[in-house]
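Chemist: Sequence and predicted structure, then a few things I'm wondering about:
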Amino acid sequence: MTANAEARAGASAAEGQDAERREVFQYALRRFGVYLFTLWAAITVAFFIFRLVPGDPMNILLGNLARAEGRQRDAEEEEALIAHFRQIFGMDEPLPNQYVNYLRKAILGGLDLGPSFVEYPTQTKDLVFRRMPWTIGIFTTSVLLAWIVGTGLGALIGWLQRSRLSKLAVVISTLLQITPVYLVALGLIIYVGYTWRILPAGGPYARHLQPEWTWEFISSLLTHAILPMLSNMIVIGAGFTLGMRALMISVLGEDYLTFARAKGLSPFTVLKDYAFRNALIPQVTALAIIVGATLNGTFIIEVLFQLPGLGTLFVQAMGLRDFNTMQAVVLFSIFAVLTLTLIVDLALPLLDPRVRRTA
Amino acid sequence: MRNPSIIIGSIMLAAMIIVALAGPPLVDQLLFPGERPGMRGSYRPYQLDSVEHPIGTDGDGRDGLMVFVSSIWPSLQIGIIAGATSTILGVVIGFLAGYARGRLDTLSRILIDMVLVIPTLPLLLMLAAYIDRWDLYKLSLILGLFGWSFVARVIRPQVQSLRERSYVDLAVLSGENALEIIFLELLPPLLPYIGYVFSLSIVGSMLAEAGLQIIGLGAGGLPTLGFMIAKGFRESVIAIGLIGQMLLPAGALIYVFLALNLINTGLDDVFNPRLKTTIEGGD
C-alpha cells in the first residue's frame, strides 16, 4: 500500500468517525427535545389535575382551620379570608393566567413553585430540596445495586441454565419478583427490625444523634439505610435477574456464539465478550423503563421506614391538605424520573452502536 | 392449550375465588352459628389463636378469620374492575396509535411514552386527597385510569406489525373500512395477547390498592386484604402474637399474584409462537 492510499484510507476513516459523531449528536439532541416536551406536558397535566378536580382546596383548608379553632366563622368573614388566601397563592386569576404565571415562575423564577400552604411563607422548593437527598439516595443506590447484582446473577444462571441450582434460582427469583415491595419491607421491619432486633428499622438514624461528620453518626445512618434499601433491592433485583436470564438464553442460541465457541475461544471469553455484552443492551433499556415504577415503591418504603424523604413529605402534606407542597413533590419526582430516564437513554449509544443508527 | 402453568394458575385462582365467595357465609354459618363474627365488638379484642378463633380476634373485636375471608373478594373485585378499565382504555388507545401512520403515529408514541414514565403514585394520592368518600368502584376506576399507558405501550407495536401483513392489505382492497379492519382483522388475533395484558393489569391494580392502604391513604372503609395488612401493622399484631392476621392476607395477595403470574407465563408461551405462525401462515 502506498503512502498516498494509506492517507486516503485514514481520511475516510476520520470522515466516518465524524459522521458517526454527528449521528450521536443528532440522536442526543432529538432525545433532549422529547425530554423537554415531556417535562412540559407532565407539568401541565399535574397543574390541571390539581385545579380541575372538584373540591376547592381553600374550602378544605378553611374547614380544617374552623375545626382546629373549634368555632364556625360567619359567611362574610369566611369569604374575606378565602379572597385573602387566594390572592396570596395567586388563585384569584382565571385559570389560563394562573397557568402562565405558574410556568413563568417555575422556569424563570428559579423553580419558584409558590409557598407552602401550611408552612407559609417557606417555599415548597426548599421543603422539597431538604427531603430530596433521602429519596434520591435510597432510590438510586438500591436500584443500581439491584441492577448490578441482578444482571450478574441473571447472566450466570442463564449461562448455566441446565444446572439444578440455576433452576432453583429461577423459582426463587420468580417468587420474590411477584412479592410487592411493601410486603418485603413489612416483613423485614417486623422480623429483622423488631422480632430479632438485628438491624434498626425506623427513622433515618439513631434518635439521640445529630447530623454531623462523625463516625458514630455515619455508621448509624448506614445501618438504618440497610433495610429500606434491601427491600427495594430484593424485589427489583429479582426482576433484573429474570430479565437478564431470558436475554442471556436468547443470545446463547445465536449462531455467532456457536461460531465463537468453534473458534476455540475460552468459555469465559465467550461469556464475557460475546454473550454478556449483547444481552446487556436491552438490560440497560429495562433500567430506564422501571425507574418510574420503582419510585412509587420507594415512596411507600420511606413511609414505612419513617425516612424523611419526598414520599413522607407528600403523605404529611396530604394529611394537612397542603396542595402547593403536594404539587411540588409531584413535579420534582416527575422531573427526577424523566431526567434519570434521559441519562440512561443517552448512555445507550455508548454501549450499542446500533442505537445511533436506528434511533 | 395443555399448558401446565395455565392449568395450575387457573386452578389456583379458581380456588381463591371460591374461598372469596363461599368463605364468608361458610365461616359465619359453620364456625359461628347465631353469632356475628364480622361485627365490631362481638368479642374481646386481641384474643390469641384458639379453637373458637383460629387466627384470633382483631383490635375491633371481630373474628380474624371472618375478617380475612371477607377481605378477599373486595380485593379481587378492585383488581378486576381496575384491570378491565385500564385494559379497555389501553387497547383503544393502543389500536388508534398503532393503526395511525405518519405524524399522528409519532405523536401518539411520544404521548404513550410520556405517560408511561410519569410516576403514578403521587398523582393517584393527589386525586385521593380530593375524594372524601371512597367506594370500591371509584377507587377501581381511578386505578384503572392510571394503568392504561402500559397497556397501550405493548398493544401498539402488535397492531403495527399486524397492520403490515398482506391479509390486511387484502381486506383493504376488498373494500373494508377502518372499523371493519380493526374489529374483524386486527382484534381477533390479538385477543389472547389482550388477555395476557389484562391479567398483568389486575396484578398492577391490586398491587397499587394494597400499597395505598399500607401507607394509610387508601379507601379507609373498604375491607380489602391491603387494609387488613395495614391495620395489622398499625396495631402491631405480630408483637401480640397474632401472626396469622398479617401472614394470611399477605400470603393471599402473593398467592393471587403467583396464580396470575403462572397464567401469564403460560399465555406467553402458548400464544406468542402461535400468534406468529397463524398470522404468517395466513399470508
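Modeler: Yes, it's here.
Chemist: pLDDT at the nearest residue to B:Ser50 once chain neighbours are set aside, what is it?
Modeler: Spatial nearest neighbour of B:Ser50, chain neighbours left out: B:Gly56 (7.4 Å); criterion: CB to CB, 6 or more residues apart in numbering or on different chains. All C-beta spots, glycine's among them, are computed from the backbone N, C-alpha and C. Looking at B:Gly56, its pLDDT reads 74.
Chemist: same deal with B:Thr87?
Modeler: pLDDT at B:Thr87 comes out at 91.
Chemist: quick one: least confident helix or strand in the chain?
Modeler: Since you didn't name a chain, this refers to chain A. Using mean pLDDT, DSSP states H and E, the weakest-scoring helix or strand in chain A turns out to be helix A:353-358, at a mean of 53.
Chemist: ah, no, chain B please
Modeler: helix B:120-130 (a mean of 68).
Chemist: right, and the helix or strand after it?
Modeler: Next helix or strand after helix B:120-130 toward the C-terminus (DSSP states H and E): helix B:136-145.
Chemist: does that next one come close to chain A?
Modeler: No: against chain A, helix B:136-145 shows no contacts by CB under 8 Å from any CB of the partner chain, the least distance being 10.7 Å.
Chemist: Validate this expectation: B:Met12 resides in a helix.
Modeler: Yes: B:Met12 sits within a helix when classified using DSSP: H, G, I helix; E, B strand; the rest coil.
Chemist: check contacts around the closest residue to it other than its chain neighbours.
Modeler: Spatial nearest neighbour of B:Met12, excluding adjacent residues (CB to CB, 6+ apart): B:Ala259 at 3.8 Å. The contact partners of B:Ala259, by CB atoms under 8 Å, 6 or more residues apart in numbering or on different chains, come to B:Gly9, B:Ser10, B:Met12, B:Leu13, B:Met16.
Chemist: Let me know the pLDDT of the nearest residue to the first one once chain neighbours are set aside.
Modeler: Read that as B:Gly9. Of all residues not flanking B:Gly9 in the chain, B:Leu262 sits nearest, at 3.2 Å (CB to CB, 6+ apart). What the model reports as pLDDT for B:Leu262 is 85.
Chemist: and what of the one 3 residues further on?
Modeler: The predicted structure scores B:Thr265 at 79 on the pLDDT scale.
Chemist: same thing with A:Ala68?
Modeler: pLDDT, A:Ala68: 66.
Chemist: do A:Asp92 as well
Modeler: Note for A:Asp92: predicted pLDDT of 67.
Chemist: The one 3 residues further on now?
Modeler: Among the per-residue scores, A:Leu95 shows a pLDDT of 75.
Chemist: Tally up the residues packed near it, please.
Modeler: 12 (other CB atoms under 10 Å in any protein chain shown).
Chemist: got it, and the one 4 residues further on?
Modeler: Under the neighbour criterion other CB under 10 Å, A:Tyr99 is assigned a count of 16.
Chemist: For the chain, which segments count as helices?
Modeler: As the question left the chain open, I've gone with chain A. A:3-52, A:57-69, A:75-88, A:95-108, A:124-159, A:164-178, A:181-187, A:215-252, A:255-262, A:267-269, A:277-305, A:310-319, A:323-351, A:353-358 (DSSP state H).
Chemist: Not quite, go with chain B.
Modeler: Under DSSP H, chain B gives helices at B:4-26, B:64-99, B:103-117, B:120-130, B:136-145, B:148-163, B:166-173, B:178-180, B:187-214, B:225-234, B:237-240, B:244-281.
Chemist: In terms of secondary structure, what does the third one contact?
Modeler: Read it as helix B:103-117. Here helix B:103-117 touches helix A:3-52, helix A:277-305, helix A:323-351, helix B:64-99, helix B:148-163, going by 3 or more CB pairs under 8 Å, 6 or more residues apart in numbering or on different chains; DSSP states H and E.
Chemist: which residues does the residue nearest to B:Gly9 contact?
Modeler: Contacts of B:Leu262 (CB under 8 Å, 6+ apart): B:Ser5, B:Ile6, B:Ile8, B:Gly9, B:Met12.
Chemist: and the nearest residue to the second one once chain neighbours are set aside, how many neighbours does it have?
Modeler: It refers to B:Ile6. Among residues not flanking B:Ile6 along the chain, B:Gly266 sits closest, at 3.4 Å (CB to CB, 6+ apart). Burial of B:Gly266 is recorded as 20 neighbouring residues (other CB under 10 Å).
Chemist: do B:Leu253 as well
Modeler: Counted with other CB under 10 Å, the neighbours of B:Leu253 add up to 26.
Chemist: dump the residue contacts of the closest residue to it other than its chain neighbours.
Modeler: If the residues on either side of it in the chain are set aside, B:Leu253 comes closest to B:Leu225, at 5.3 Å by CB to CB, 6+ apart. Counting by CB under 8 Å, 6+ apart, B:Leu225 makes contact with B:Ser71, B:Ile72, B:Ser75, B:Ala210, B:Pro249, B:Ala250, B:Ala252, B:Leu253.
Chemist: quick one: B:Leu225 from chain A, how far?
Modeler: Distance, B:Leu225 to chain A, using CB to the nearest CB, to the nearest Å: 10 Å.
Chemist: Equivalent analysis for B:Val168, please.
Modeler: Counting by CB to the nearest CB, the separation of B:Val168 from chain A is 25 Å.
Chemist: close enough to count as contact, that residue and B:Leu162?
Modeler: Yes: with contacts counted by CB atoms under 8 Å, B:Val168 reaches B:Leu162, the gap being 6.7 Å.
Chemist: Lovely, talk soon.
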